[in-house]
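# here's my sequence, what's the structure:
(2 chains, ligands or ions: 2)
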Amino acid sequence: MTRLFDLLLYAFTWLCGLILVGAFGTLVVFLLINGLLALDFELIFGSTAIGDALFLKRVVIDGLLPAIVGTCLLIIIALGTALPLGLGAGIYLAEYAGKISKSFFSLIFDLLAGVPSIVIGLFGFSLTLYLHKHFTSIMPCLLISGLALGLLVLPYLIRSTQTALEELPTTLRLTAAALGADQAATLRFVLLPQAVSGIFSGIILAIGRAAEDTAVIMLTGVVATAGIPRSLFSNYEALPFYIYYTASQFRNQQELQRGFGAALILLILCALLFTLAGLVRKKVSKRLMAK
Amino acid sequence: MSKFLLSHPVTFYEGINACFIIDLDMKKIIETENLSFYYGKRQILDHISVGFREHAISAITGPSGSGKSTFLMTINRLWEELNGAKMSGRVSIFLDHEKLDIYDRGVSLSWLRRKVGMVFQIPNPLPMSIYKNLVLPLQMAGFKKKEYLRSKVETVLKQAFLWSEVKDRLPDDARTLSGGQQQRLCIARAMILEPAILLLDEPTSSLDEKAAREIETLLFSLKKHCSLLMVSHDQAQVKRVADEVLELVDGRISELFTTPSSIRSTKSGIGHFRP
Ligand SMILES: Nc1ncnc2c1ncn2[C@@H]1O[C@H](COP(=O)(O)OP(=O)(O)OP(=O)(O)O)[C@@H](O)[C@H]1O
Ligand SMILES: [Mg+2]
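Ligands and ions are numbered 1, 2, ... in the order given. Have a look, this model is predicted:
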């Protein structure tokens, strides 16, 4: 009886894994089949010479370079603002918050996590309108989109930091305390090095979320053609928006294929960023554990 | 001529009230006065007044749940890391002939815990290398110089009879050591801060006979560096290593002996002092 149950459980869990791998595999193959043909230098740089495009001598109008740069900049701005805040708030919740403030803050952050991205986009949009009223030069732009995306990914960063720290066994804290560590030293020398990989899984999630979100940027400054943004206050292009835009307005098969090419590039970009995050994680945990 | 003092009266199982004779000349390292302890409303320790000798191994025995671990935690204030605990009374330690109330406002927790080291029942190496485990307390205390750290590591590993076994594998994860080695590592880690007092909570109960004996020998040799206060429920072990014994039952002092050999012989009698 139990043998049979064990076997069934094993088969079921194995099947779940297989289905997911299969689904992901299908997705990748589908993208490859459709996008690979379109994927070339022309797709990225258009008719501009590669050197001219990279050194900003000429604006790329018919290629994806501006969208790639735009997406990268969005991720940098979003993570750059959300990461310190998220880490700080997560550490506060796990280590310092009292019972009442903890449940209060947790509630707020859960609510924030539940806010659909379109609502956050709307908030960014209203903010822009408000700012525009007072400083007419402010228009929907890269900075506002980046900040709104930061708000979107903040809950992931807070939660992953908090759980990574809270999951650590109590003996770790007691051991550190018994060795004369105060709270800051316990955190710095014992807890954070152990929590690094948990925190980084949150960071990876946040990168992915910031890279793919379309709703927020649509309302806060993304446009179809803008070239590489000149400043934080200019319009910009972004990959997910390009994909959305081509998929909804394509006039011929070739244009649709370019959309698939863009999707493939987004996927590759994310994979690269994840690898980078993994490398940074190794580096950070080495630094924290250093002799 | 020695001076003697009668201790706080103690009630035994049979309802006999008695006082212990405390030798005032014997140098003490720890002293508690009317120490009571509560988890929530539950009283765990009940007015314990007792003193322990300097450079000796003092053992605390007693049935499970009698408050032995709790008692130890009042001496490095580790219980303050737990929720819902409360304490009254006084605990003092003697450093350089000066009596110091460790619950005094001016006492820093980090400082105290560097003076009063602790070894736990289950070996608790941190999830890092052997070397890093040992230098961590020093680093947290602000020591940075590499050569100093290295030489301290060697010193304490030798003190803990562990040097020859681990000198070639210092960068290895500490959790790859055997249980006995891990416990000796933990003792070495506690000793690296040169504490005046070392608290040990059943340091051998998770180990086999041979590893336990090695630890006992080690503890014996540590007496010259510090004073040891060890919880143990192994009567034979207490007899082997302890210089004095305190028995706790239900959070009260049941018996207090200055020589462990008298444990059995006076089990139902009145504790007495043997110089
Ligand atoms: N964190 C805690 N919260 C509430 N009660 C506790 C806590 N820790 C211990 N106790 C209770 O305090 C009493 C004394 O515990 P303590 O650990 O001091 O006993 P002990 O003498 O060390 O026992 P053992 O020999 O089993 O280790 C026990 O009844 C225990 O249930
Ligand atoms: Mg105990």
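# which parts of chain B are strands?
Taking DSSP state E, the strands of chain B run over residues B:4-6, B:10-11, B:17-18, B:21-23, B:28-39, B:42-53, B:57-61, B:85-95, B:98-101, B:116-119, B:197-201, B:227-231, B:244-249, B:252-257.
# which among the ones you listed is found nearest to ligand 1?
When the strands of chain B are compared by CB to the nearest ligand atom, strand B:28-39 sits nearest ligand 1, at 3.6 Å. Where you see a C-beta, it was placed from the backbone N, CA and C, and this is true even at glycine.
# list the buried residues in the closest one.
Applying a neighbour-count criterion of 16 or more other CB atoms under 10 Å in any protein chain shown, one finds B:28-32, B:35-38 buried in strand B:28-39.
# what's the closest residue to ligand 1 within the stretch 51-200 of chain A sitting at in phi/psi?
Nearest residue of the stretch 51-200 of chain A to ligand 1 (CB to the nearest ligand atom) works out as residue A:170 at 9.8 Å. The phi/psi pair for residue A:170 (degrees, to the nearest 10) reads phi -60, psi -30.
# out of the strands of chain B, which is closest to residue B:147?
In terms of CB to CB, the element of these nearest to residue B:147 is strand B:116-119, at 23.5 Å.
# who does the closest one pair up with?
Using DSSP bridges, the strands paired with strand B:116-119 are strand B:197-201 (parallel).
# can you check the pLDDT for residue 121?
Using chain A here. Looking at residue A:121, its pLDDT is 94.
# hm, I was asking about chain B
Residue B:121 is given a pLDDT of 91.
# residues contacting the nearest residue to it once chain neighbours are set aside?
Excluding its sequence neighbours, the residue lying closest to residue B:121 (CB to CB, 6 or more residues apart in numbering or on different chains) is residue B:202, at 4.4 Å. Taking CB atoms under 8 Å, 6 or more residues apart in numbering or on different chains, we find residue B:202 in contact with B:121, B:231-233.
# tabulate those (a markdown table), appending neighbour count and distance to residue A:51.
Formatted as a markdown table, the contacts of residue B:202 follow (neighbours: other CB atoms under 10 Å in any protein chain shown; distance: CB to CB, whole Å):
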| residue | neighbour count | distance to residue A:51 |
| --- | --- | --- |
| B:121 | 15 | 68 |
| B:231 | 21 | 75 |
| B:232 | 26 | 78 |
| B:233 | 16 | 79 |
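# quick one, grab the pLDDT at residue 215.
Just so you know, I chose chain A. Residue A:215 is assigned 93 on the pLDDT scale.
# ah, no, chain B please
90.
# spell out which parts of the stretch 51-200 of chain B neighbour ligand 1.
B:62, B:64-70, B:82 (CB under 6 Å from any ligand atom).
# so which of these sit within helices?
B:68-70 (DSSP state H).
# so which bits of stretch B:184-192 are buried?
Across stretch B:184-192, burial judged by 16+ other CB under 10 Å covers B:184-192.
# same question but for stretch A:176-192, I mixed them up
Within stretch A:176-192, the residues that count as buried by 16+ other CB under 10 Å are A:176-181, A:185-187, A:189-192.
# same thing with stretch A:263-271?
By 16+ other CB under 10 Å, the buried positions in stretch A:263-271 come out as A:263-267, A:269-270.
# for stretch A:61-70, same thing?
In stretch A:61-70, counting by 16+ other CB under 10 Å, buried: A:63-70.
# next, count neighbours for residue A:247.
14 (other CB atoms under 10 Å in any protein chain shown).
# that one and residue A:256 touch, don't they?
Yes - Residue A:247 lies in contact with residue A:256 (CB atoms under 8 Å); the separation is 7.1 Å.
# still on that earlier bit, distance to residue B:213 for the strands of chain B - can I get that in JSON lines?
Below are those laid out as JSON lines (distance: least, CB to CB, whole Å):
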{"stretch": "strand B:4-6", "distance to residue B:213": "36"}
{"stretch": "strand B:10-11", "distance to residue B:213": "33"}
{"stretch": "strand B:17-18", "distance to residue B:213": "35"}
{"stretch": "strand B:21-23", "distance to residue B:213": "31"}
{"stretch": "strand B:28-39", "distance to residue B:213": "26"}
{"stretch": "strand B:42-53", "distance to residue B:213": "24"}
{"stretch": "strand B:57-61", "distance to residue B:213": "15"}
{"stretch": "strand B:85-95", "distance to residue B:213": "30"}
{"stretch": "strand B:98-101", "distance to residue B:213": "35"}
{"stretch": "strand B:116-119", "distance to residue B:213": "16"}
{"stretch": "strand B:197-201", "distance to residue B:213": "15"}
{"stretch": "strand B:227-231", "distance to residue B:213": "15"}
{"stretch": "strand B:244-249", "distance to residue B:213": "19"}
{"stretch": "strand B:252-257", "distance to residue B:213": "23"}
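# out of those, which gets nearest to residue A:43?
Nearest to residue A:43, of all these, is strand B:116-119, at 64.4 Å by CB to CB.
# can you list the residues that contact that closest one?
Outside strand B:116-119, the residues within contact range by CB under 8 Å, 6+ apart are A:178-179, B:72, B:75-76, B:78, B:93, B:102, B:183, B:186-187, B:190-191, B:193, B:195-201, B:203, B:226.
# specify the local secondary structure of residue A:224.
On the three-state scheme (DSSP: H, G, I helix; E, B strand; the rest coil), residue A:224 is labelled coil.
# from residue B:143, how far off is it?
Between residue A:224 and residue B:143 the computed distance is 61 Å (CB to CB, to the nearest Å).
# do residue A:68 as well
49 Å.
# CA atoms only for stretch A:265-274 - export them in CSV, please.
Extracted C-alpha coordinates of stretch A:265-274, given in CSV (Å, rounded to 0.1, in the frame of the first residue of the first chain):
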residue,chain,number,x,y,z
ILE,A,265,16.6,38.9,-27.9
LEU,A,266,14.6,39.7,-24.7
LEU,A,267,15.0,36.1,-23.6
ILE,A,268,18.7,36.1,-24.4
LEU,A,269,19.1,39.4,-22.6
CYS,A,270,17.4,38.0,-19.5
ALA,A,271,19.5,34.9,-19.6
LEU,A,272,22.6,37.0,-19.7
LEU,A,273,21.4,39.2,-16.9
PHE,A,274,20.6,36.1,-14.8
